[in-house]
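Student: quick one, what's the 3D model for this:
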Amino acid sequence: MMFALMNRKSAAILILIVLLIAGLNYQLIPYNKDEVLVIETPAEPRGLDPATNYETAGGNIIHNIYETLISYNGSSTTDLKPVLCTIIPTPENGLISPDGINYTFIIRQDVKFHNGDTLTAEDVRYSFERVVRMRQSPSWMIMDRYNPERKKWEWTYWHNHSYDDLDDNFTVMTDSEVDDYNERVDAHNSRPEVINNTMRKWTYAVKDWTVRFKLDAPYSPFLFVLTHTVGSIVNKRTVEAHGGIKEGQKNDWMNEHTVGTGPWKLKKWEPDRTKLTIERFDDYWGENAKLKEVIFLTVHQQTTRIIDLQMGFTDVAYVPTPSLDEVRGKEGIIVDEGAMRLAGYFIAFNCEDSIFSDVRLRQACTLAFDYDVMLNVIYNGLGQRYVGPWVHGMYGYNESIEVWEQDIAAAKDLVQDYKSDNPGSIEVALMYTSSEISSLLAQLFRSNCDEIGIDVTLQLLSWPTLLELTDKGDFDCTLLGWLADFPHPDGNAPTVMSEQKGHSNNAWYENQKVDAWLLEAVQTNNETRRLELYHLVQNQVKRDCPYLWTLQPNVPAVYRDWVKNYVEANNPFLGRYYADVYKEK
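Tutor: You can find the predicted model right below:
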């Protein structure tokens, strides 16, 4: 009651002192308006150039500022919709050729960039040209990794070939010139030095309001690849005025500035990178955003983020899964736990050069693992079991496949069968990093393996060291995870491809049938056969057990109850689309 007797000035001073002591962002109070959404996150974007960005903090901003030719309907990761094109290409409408080689896109003619320029087909052509020529981290999705001339899977980059002699092929053409163009490209691509790089697959022609991609071979994931932010369309005039394209180099100006076509435009990014503001683009070609601004604040201290949210100084805050109990049930705070993420955690067994080269031990450990404790205790029920290499929500996932369940008796039988051929003790080492969840999973794995007679030593390593040893194949088993680059099985295929041992194939796994099925799947135009092939891969990999698939995690959303449409605006692959979010107090 003492507080009620204070005068207003004393109360204001007391509040300020409390905020200072707590280390709160009391400067947020002026932002708490109906037309402004304030979000606190633990990490700031590394950059905002779609050709360079390969992390989620920046990708979330890029997804709202820039646009791609196509995207997804709502929360779907399989149902495509046109964005900067007018119709999704299909064989039925003639925009995908019968042989699966040519993809034609009709570009919208009513789209403005944030600088007022009208979107043209040349902007689209230029956007993909710069991705390939800059050769930054996400460019592998555009350059691809399959070389038809060599008939094998591989990672290929532009090490030995200059792009300069291809520049004359990127021109705006009339209908009558397209065939001549394709003949010239085919002749050019027959040269030995060009066969050894991947530009053959992604050369394309542009004419008027039409963009045509000519692939070297059928590639069924093509449309899915274009939904990634690396496929964002940039304004050619702006890029050329600020450094243009330099072979193999980043564009520093584009990393800090934006000129997209999306419903939001960059208003300001503070020099210390702790505050980034996007504002509504009123000349957007589609429905305008409901809010005026979205402010992203980098707040590293978890306690500060939680208190700011409780005090109502911020609208949304990142709260990690282990800390959700601190906000769950609090008045005015919503904790949504059901947002699926296209990611997976797993333990990779070294199938080539360790004791786990014997499938019996891989299966034994998989059967010994306590999945109930993992899901309900370590992850607090926030996720779902899966069978890799695909995950739920991804095209090609077989929802009828049964996950492994704990069976100690069966696991012991496999160990005894192994020991009949290999007498003696079984000792292995599990590599893991220092996160809380990784530590708990590692301890659970060791305890479960101990029950069946396998002695596990835990090796706590730094992330770079763990990756180095995994790439060298110098390990027994290792705890890892991945996040889908695009929601199609081909994005995850490298984890089980023979040619990817020592790279994305962390298990050093090899199965020639799996390789053949994956190759056929990306080249066939028969949808039924393609799904059958991906199911065959999933079933075979389950039997071979190169990985112990633990969990596909959910991503909780924590926000104030006056924020509306926040969960509905989320896509498991692309993230949050803030144009649909609004506030109502």
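Student: residue ranges with poor pLDDT in the stretch 51-200 of the chain?
Tutor: 144-200 (pLDDT under 70).
Student: mind listing the helices for it?
Tutor: Using DSSP state H, counting those that start in this stretch, the helices of the stretch 51-200 of the chain run over 56-65, 121-134, 140-143, 175-189, 192-195, 199-202.
Student: what's the answer for the stretch 451-585 of the chain, then?
Tutor: For the stretch 451-585 of the chain, the helices defined by DSSP H, counting those that start in this stretch occupy 463-472, 489-492, 512-523, 527-544.
Student: of the ones you listed, which is nearest Glu584?
Tutor: Closest to Glu584 of the helices of the stretch 451-585 of the chain, according to C-beta to C-beta: helix 489-492, at 37.8 Å. Where you see a C-beta, it was placed from the backbone N, CA and C, and this is true even at glycine.
Student: which strands and helices sit next to the closest one?
Tutor: With contacts defined as 3 or more C-beta pairs under 8 Å, 6 or more residues apart in numbering; DSSP states H and E, the packing partners of helix 489-492 are helix 512-523.
Student: just the angle between the helix it packs on and helix 527-544, please?
Tutor: For helix 512-523 against helix 527-544, the angle by axes from the mean of the first three to the mean of the last three C-alpha atoms, to 10 degrees is 150 degrees.
Student: who does helix 512-523 touch, helix- and strand-wise?
Tutor: Counting contacts by 3+ C-beta pairs under 8 Å, 6+ apart, helix 512-523 packs against strand 152-153, helix 489-492, helix 527-544.
Student: rank those by pLDDT, which is bottom?
Tutor: The minimum mean pLDDT among these belongs to strand 152-153 (a mean of 30).
Student: distance check, Thr274 against Thr78.
Tutor: Thr274 sits 37 Å away from Thr78, going by C-beta to C-beta, to the nearest Å.
Student: meant to ask about Asp336
Tutor: 22 Å.
Student: then Glu55?
Tutor: 25 Å.
Student: repeat that for Arg46.
Tutor: Arg46 is 30 Å from Thr78, by C-beta to C-beta.
Student: and the contacts of stretch 320-327?
Tutor: With C-beta atoms under 8 Å, 6 or more residues apart in numbering as the test, stretch 320-327 has contacts from 302, 306, 309-310, 319, 333, 335, 337, 379-380, 382, 436-437, 553, 556, 558.
Student: are any of those residues buried, and if so which?
Tutor: 302, 306, 309-310, 319, 333, 337, 379-380, 382, 437, 553, 556, 558 (16 or more other C-beta atoms under 10 Å).
Student: same question for stretch 288-301: list its buried residues.
Tutor: In stretch 288-301, counting by 16+ other C-beta under 10 Å, buried: 289-291, 293-299.
Student: with stretch 551-568 instead?
Tutor: 551-560, 563, 565-567.
Student: out of the contacts of stretch 320-327, who's nearest His392?
Tutor: Using C-beta to C-beta, Pro553 comes nearest to His392 of the contacts of stretch 320-327, at 11.2 Å.
Student: excluding chain neighbours, what is closest to that closest one?
Tutor: Gly383 (4.4 Å; C-beta to C-beta, 6 or more residues apart in numbering).
Student: follow-up on the earlier one: nearest to Ser354 among the contacts of stretch 320-327?
Tutor: Closest approach between the contacts of stretch 320-327 and Ser354, by C-beta to C-beta: Ile437, at 24.4 Å.
Student: I figured the closest one was touching Ile378, is that so?
Tutor: Yes - with contact defined as C-beta atoms under 8 Å, Ile437 reaches Ile378; the gap is 6.2 Å.
Student: how about the contacts made by the closest residue to Tyr397 other than its chain neighbours?
Tutor: In this structure, Tyr397 finds its nearest non-sequential neighbour in Trp390, 4.4 Å apart by C-beta to C-beta, 6+ apart. Applying C-beta under 8 Å, 6+ apart, one finds that Trp390 lies in contact with 396-398, 489, 492, 534, 538.
Student: for Trp390, give its distance to Gly338.
Tutor: According to C-beta to C-beta, Trp390 and Gly338 sit 20 Å apart.
Student: try Thr524
Tutor: For Thr524, the distance to Gly338 - C-beta to C-beta - is 35 Å.
Student: now do Arg135
Tutor: Distance check for Arg135 against Gly338: by C-beta to C-beta, it reads 39 Å.
Student: give me the more crowded residue out of these two.
Tutor: Arg135 (18 against 11; other C-beta atoms under 10 Å).
Student: what's the local residue count around the closest residue to the more buried one other than its chain neighbours?
Tutor: Leaving out its chain neighbours, the residue that sits closest to Arg135 by C-beta to C-beta, 6+ apart is Gly248, at 5.0 Å. Residues near Gly248, counting by other C-beta under 10 Å, number 12.
Student: over to Gly94?
Tutor: Residues lying near Gly94 (other C-beta under 10 Å) number 11.
Student: and it, how close does it get to Arg212?
Tutor: Gly94 sits 12 Å away from Arg212, going by C-beta to C-beta.
Student: try His228
Tutor: For His228, the distance to Arg212 equals 20 Å [C-beta to C-beta].
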